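**Student:** model this:
(one chain, ligands or ions: 1)
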Amino acid sequence: PYTGPSADEVLAKRKKFLGPSLFHYYQKPLNIVEGKMQYLFDESGKRYLDAFAGIVTVSCGHCHPEVLNAIVEQSKLLQHTTTIYLHHAIADFAEALASKMPGNLKVVYFVNSGTEANELAMLMARLYSGNLGMIALRNAYHGGSAGTIGLTALNTWKYPIPQLVLLNWLFDMATVETLYPSQKLKGEISHVMNPDPYHGTFGSDASQYAKEVQDHIDYGTSGKVAGFIAETIQGVGGAVELAPGYLKLVYEMVRKAGGVCIADEVQTGFGRTGSHYWGFETQGVIPDIVTMAKGIGNGLPLGAVVTTPEIANVLAQKIQFNTFGGNPVCSSGGHAVLRVLDKEKRQKHCADIGSHLIGRLNDLQQKHEIIGNVRGRGLMVGIELVTDRKEKTPAKAETAVLFENLRELGVLVGKGGLHGNVFRIKPPMCFTKDDADFLVDALDYAMSKL
Ligand code: PMP
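**Tutor:** Alright, predicted model coming up:
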């Protein structure tokens, strides 16, 4: 049994020694001390079904034995040197990852997080295109660093720093003006209308949303852009799947305007969507740059950017260095993740369990008026709660109560969307049909008591 400090003690210490921007779930925060595949255990030994996987990060399962073994064996042999020396683990992992990519996406940069991956992708887009302006979607999350906070478009996560200052952090002004004389300060990141089938003005009509992007390029930029970035199913934004066909239309417009197309696969990659290995494949496109993190390491701090040799080459003019990126331990662990997901046929499993789960949630929607929308793909599912189905009024207070009650019932889900009224179901991919049934039954019970 666990003999460490209590939840209250950990919370007190956290408040004293860690930054005030940290947030925690639940009125009485959970103190998780152990994890095993799709289950988590708190200090009292109570078991929880983990339907959020550490924010969509634990792909194979908590402490999956094969991933764990790869990490431990490599750690015993050699933990760290950096890429200044050769090590086979990083090269083997890059080869395996590249083999999972379509088209000419064959060059890998390893980093330590999703934020870093998107930061690097944006740098490549700007260098490759010779332009500065980036386009992202409203309701997107791409990170919280100086550059990526500009891409993120949910006010919950955006500090009130003018974008010009962000640009200044990245390049000094003299450099900006020498490198991009025609664009002066037109280095903004702009956010176009979200092609959200449930809330969006144009419903599922991708062509209308795409037309808005073209209008933005024509009227809101110099006509040239550095790039476009989008998640293929928005995660933090509440499991919002982009209107079908949207990326195909927009990629074409962006490329015509000189930009590159970046797919943020931080949450959607590695088979989670069930129908495809990568989220962008659900839209029938091949991006120029793909960023990934979270599930790639099953909990290890690991991220990657994969691109074409031509785009990767823009970084050859200087050194791009990352001390921990692709270190032997993370590379061995990440490589094991790829093997495990294939061996255990997790993509198909996500498709099977996901369709069962979504089917049951659709039935539940018939029963409970509060369920405004059930959406998603595979094991990336959102349930939006509303007090009025017609007005789609966020059921904020009710969501908060249900969230606490689910925890009491032993089920941990995520919350998302600007108003926090979307339950996010994104469990470790080993989640079973029985787990899905338990989750839906618990939700049904909690909603009946509301
Ligand atoms: N992109 C997406 C789609 C994300 O969901 C996140 C994290 N929630 C990030 C990027 C940033 O990843 P990290 O927290 O690892 O920096």
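
**Student:** and residue 124, which of the three is it?
**Tutor:** Following DSSP: H, G, I helix; E, B strand; the rest coil, residue 124 is assigned to helix.

**Student:** where's the closest residue to residue 241 other than its chain neighbours relative to residue 305, distance?
**Tutor:** Leaving aside its chain neighbours, residue 241 sits nearest to residue 233 (4.8 Å; criterion: Cβ to Cβ, 6 or more residues apart in numbering). Every residue, glycine included, has its C-beta placed from N, CA and C. With the distance defined as Cβ to Cβ, to the nearest Å, residue 233 ends up 20 Å from residue 305.

**Student:** what residue in this structure comes nearest to the ligand?
**Tutor:** residue 114 (2.4 Å; Cβ to the nearest ligand atom).

**Student:** please put the alpha-carbon coordinates of stretch 150-164 into PDB.
**Tutor:** Provided in PDB are the C-alpha atoms of stretch 150-164 (Å, rounded to 0.1, in the frame of the first residue of the first chain):
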ATOM      1  CA  GLY A 150       0.000  32.900 -31.000                       C
ATOM      2  CA  LEU A 151      -1.300  29.800 -32.900                       C
ATOM      3  CA  THR A 152      -3.500  28.800 -30.000                       C
ATOM      4  CA  ALA A 153      -7.000  30.300 -30.200                       C
ATOM      5  CA  LEU A 154      -8.800  29.600 -27.000                       C
ATOM      6  CA  ASN A 155      -8.800  32.600 -24.700                       C
ATOM      7  CA  THR A 156      -8.400  30.400 -21.600                       C
ATOM      8  CA  TRP A 157      -4.800  29.700 -22.600                       C
ATOM      9  CA  LYS A 158      -3.700  33.000 -24.100                       C
ATOM     10  CA  TYR A 159      -1.800  35.600 -22.000                       C
ATOM     11  CA  PRO A 160      -2.500  39.200 -23.000                       C
ATOM     12  CA  ILE A 161       0.800  39.800 -24.800                       C
ATOM     13  CA  PRO A 162       0.600  41.600 -28.100                       C
ATOM     14  CA  GLN A 163       1.700  39.500 -31.000                       C
ATOM     15  CA  LEU A 164       4.200  42.100 -32.100                       C
END
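
**Student:** now check it, is it near the ligand?
**Tutor:** No. Stretch 150-164 does not reach the ligand (Cβ under 6 Å from any ligand atom); its nearest approach is 8.3 Å.

**Student:** now that stretch, how far from the centre of its chain.
**Tutor:** With Cα atoms, centre = their mean, to the nearest Å as the basis, stretch 150-164 stands 17 Å off its chain's centre.

**Student:** circling back: what about the closest residue to the residue of the chain closest to the ligand other than its chain neighbours, neighbour count?
**Tutor:** Excluding the flanking residues, the one nearest residue 114 by Cβ to Cβ, 6+ apart is residue 293, at 3.5 Å. Using other Cβ atoms under 10 Å, residue 293 is surrounded by 27 other residues.

**Student:** got the contact list for residue 293?
**Tutor:** By Cβ atoms under 8 Å, 6 or more residues apart in numbering, the residues touching residue 293 are 111, 113-114, 117, 266, 302-304.

**Student:** again with residue 101
**Tutor:** Per Cβ under 8 Å, 6+ apart, neighbours of residue 101: 278, 290, 306.

**Student:** closest to residue 226 among those?
**Tutor:** Set against residue 226, the nearest of the contacts of residue 101 by Cβ to Cβ is residue 290 (16.6 Å).

**Student:** sec struct for that closest one, please.
**Tutor:** Under three-state DSSP, residue 290 comes out as strand.

**Student:** ok, it to residue 308 distance?
**Tutor:** 10 Å.

**Student:** anything in contact with each of those two?
**Tutor:** Contacts common to residue 290 and residue 308, judged by Cβ under 8 Å, 6+ apart, are residue 105.
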